[in-house]
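*Asks:* predicted model follows, preceded by the sequence.
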Amino acid sequence: MKQKLILITGFICSILNGFCFPSFGIIMAKVLVEFFKYQSTPNFDTSWTKILCLIGVAIAIVDTITNTASRMLFGILSKNTVCQIRNECYQKIVRMPLAWFERK
């Protein structure tokens, strides 16, 4: 149950991380458009540009957190899976009959 929870959380973090890159590109494109509007009109309100920049910073923070979390969670999951497979293999070897270990 714990491994399924780790797997689902890792997938959710990966999906959020996948949405961050395109949305960051869209926000940066809008910021560039706003800067070009600002150069053409001298009395331009920059509050929308500030909001877009703050959204970009928020997306960068979410991207950092989700990327780190997904890598950490998938690392933990892979470590647990490898340990489980290793233990099962050792148990199979230990339970083999003695004749299996002798040379022929």
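*Replies:* Happy to help now that I have it. Being a predicted model, the structure only gives us computed values, none of them experimental.

*Asks:* name the single longest helix found in this protein.
*Replies:* Secondary structure assigned by DSSP state H gives helix 47-94 as the longest helix of the chain.

*Asks:* what is that helix packed up against?
*Replies:* With contacts taken as 3 or more C-beta pairs under 8 Å, 6 or more residues apart in numbering; DSSP states H and E, helix 47-94 sits against helix 2-40. (Glycine included, C-beta is placed from N, CA and C.)

*Asks:* and the nearest residue to Thr81 once chain neighbours are set aside, how far from Ser23?
*Replies:* Nearest non-adjacent residue to Thr81, counting by C-beta to C-beta, 6 or more residues apart in numbering: Gln3, 7.7 Å away. Per C-beta to C-beta, to the nearest Å, Gln3 is found 30 Å from Ser23.

*Asks:* and for Cys89?
*Replies:* 44 Å.

*Asks:* try Lys4
*Replies:* For Lys4, the distance to Ser23 equals 29 Å [C-beta to C-beta].

*Asks:* who has more neighbours out of the two?
*Replies:* Ser23 (15 against 9; other C-beta atoms under 10 Å).

*Asks:* shouldn't the more buried one be in contact with Ile59?
*Replies:* Yes. Taking C-beta atoms under 8 Å as the contact criterion, Ser23 and Ile59 are neighbours in contact, 5.8 Å apart.

*Asks:* shaky segments in the protein?
*Replies:* Counting by pLDDT under 70, the ranges of the chain that qualify are 42, 44, 104.

*Asks:* just want the most central residue of it.
*Replies:* Note on the chain: the residue nearest the mean C-alpha position is Asn67, at 3.2 Å, using C-alpha atoms, centre = their mean.

*Asks:* quick one, what contacts that one?
*Replies:* Contact criterion C-beta atoms under 8 Å, 6 or more residues apart in numbering gives Cys13, Asn17 as the residues in contact with Asn67.

*Asks:* ok, now with 6 Å
*Replies:* For Asn67, the contacting residues are Asn17, taking C-beta atoms under 6 Å, 6 or more residues apart in numbering as the criterion.
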